[in-house]
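Student: Structure of the sequence below:
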Amino acid sequence: MLEVRNLSAFYGNSQALFDVNLSVGKRQLVSLLGRNGMGKTTTVNCIMGLLASARGVIEFDRASLVGLPSYRVAQSGIGIVPEGRGIFPNLTVEEQLRVFAGERDVGSKTWKISEVYELFPNLAKRRSSFGNQLSGGEQQMLAIGRALMTNPALLILDEATEGLAPLVRQEIWRCLKQLKHEGLAILVIDKNVSDITRIADQHFIVEKGRTVWSGSSVELESDPSISARYLGL
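Tutor: Down below sits the predicted model:
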C-alpha cells in the first residue's frame, strides 16, 4: 500500500534523510522507530507532502506522491495524527469531527461521528467541550477520531502515546488493535516499544536519516542488542 525507497530530504542546505526505506501493506500495522532527531517526523512530513525537498520513491497504492501538495496526499487516502495533535482550541469535539468529515470512500469503511464515539466513549461525554478544555489523552483520542473521519486507507500516527498516562496509552493501543482488525493499514511512531511489539507486524528503525534495521516483532524482541544499539537512551 505504502512504499518508501531511497528517500532523501533537506532543510535548506542541511540533509536530514539520506536513505530511508519502509513499506506498509494492506491491513498491516507497522512501526517507525528510532531515537529523537533521527528522521522519523521528517519521513512522515515527506510522505504527507509537507517537505518539498523530498527525493526518492514515495508510492501509495502504486501512485507516486513525490511533489504532490499535502491536500492531494490526504485526498489519496492517508490520514495523519500529527505530533502535538493540532487540536483547535475554540471548536467543540463534535465541531472538529464534523469539519474533518470526508465524502470520499477510499478506506476500509466510511466513518460516522457516532462510530468515533463508540470507539472513544469519553469523547461522546465531552462532545460539547472545547479543544482547550480536554485532557492530553482526550485530545489524542480526538486527533485520531478526526483523522478517521476523513475515511483513510492508511492512518499515520506521529508519537501516538507521548506524554500520556499509562491507562490512556493502553486505551490508544486498544483502539489501534481494533482498527487493524477492521482492515485499516497503520504506520505508528512511538517510543513504547514493548507496547508496539504486541500488535505490530513489522518494524523499521532509522538512525541518522537512514533505515538501519527492519524485521518482525519476534525478531526485535529476540535480539536485545537491536534496542540497546538503536533505541536506548
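
Student: what's the longest helix in the chain?
Tutor: For the chain, the helix that runs over the most residues, judged by DSSP state H, is helix 166-181.

Student: after the one helix or strand Gln139 maps to, next one along is what?
Tutor: Assessed by DSSP states H and E, Gln139 sits inside helix 136-149. Using DSSP H and E, the helix or strand that follows helix 136-149 in sequence is strand 154-158.

Student: That following strand pairs with which strands, and in what direction?
Tutor: strand 78-81 (parallel), strand 185-189 (parallel) (DSSP bridges).

Student: sorry, back to before: avg pLDDT for the longest helix of the chain?
Tutor: The average pLDDT within helix 166-181 is 95.

Student: buried sites along that helix?
Tutor: Buried residues in helix 166-181, counted by 16 or more other CB atoms under 10 Å: 168-169, 171-173, 175-176, 179-180. For glycine as for every other residue, the C-beta is placed from the backbone atoms N, C-alpha and C.

Student: ok, residues contacting it?
Tutor: 27-29, 119-120, 136-137, 140-141, 144, 148, 155, 157, 160-161, 164, 186, 188, 192, 195, 198-199 (CB atoms under 8 Å, 6 or more residues apart in numbering).

Student: looking at the sheet around Phe130, what are its partners?
Tutor: According to DSSP bridges, beta-bridge pairing links Phe130 with Thr92.

Student: my read: it touches Ile87, true?
Tutor: No: using CB atoms under 8 Å as the test, Phe130 is too far from Ile87 to be in contact (9.4 Å).

Student: These two: which is more packed in?
Tutor: Ile87 (19 against 16; other CB atoms under 10 Å).

Student: Where does pLDDT dip in the protein?
Tutor: Scanning the chain for pLDDT under 70 picks out 103-108, 233.

Student: if we can go back for a sec, and of the strands paired with strand 154-158, who's closest to Ile58?
Tutor: Relative to Ile58, the nearest member of the strands paired with strand 154-158 by CB to CB is strand 78-81, separated by 10.5 Å.

Student: Following element in sequence after the closest one, please.
Tutor: Counting by DSSP H and E, what follows strand 78-81 is helix 93-99.

Student: buried ones in the following helix or strand past that next one?
Tutor: Using DSSP H and E, the helix or strand that follows helix 93-99 in sequence is helix 113-119. By neighbour count with 16+ other CB under 10 Å, helix 113-119 contains the buried residues 113, 116-117, 119.

Student: and helix 113-119, what other elements does it pack with?
Tutor: Helices and strands touching helix 113-119, as assessed by 3 or more CB pairs under 8 Å, 6 or more residues apart in numbering; DSSP states H and E, comprise helix 93-99, helix 121-125, helix 136-149.

Student: Which one of the ones you listed lies nearest to Thr42?
Tutor: Here helix 136-149 is closest among these (CB to CB), at 19.8 Å.

Student: how much does the closest one deviate in direction from helix 166-181?
Tutor: 10 degrees (axes from the mean of the first three to the mean of the last three CA atoms, to 10 degrees).

Student: Would you mark the buried spots in helix 136-149?
Tutor: So, applying 16+ other CB under 10 Å, buried residues of helix 136-149: 137-149.

Student: Same check on stretch 184-195?
Tutor: Those would be 184-193, 195, for stretch 184-195 by 16+ other CB under 10 Å.

Student: I appreciate the help and will end here.
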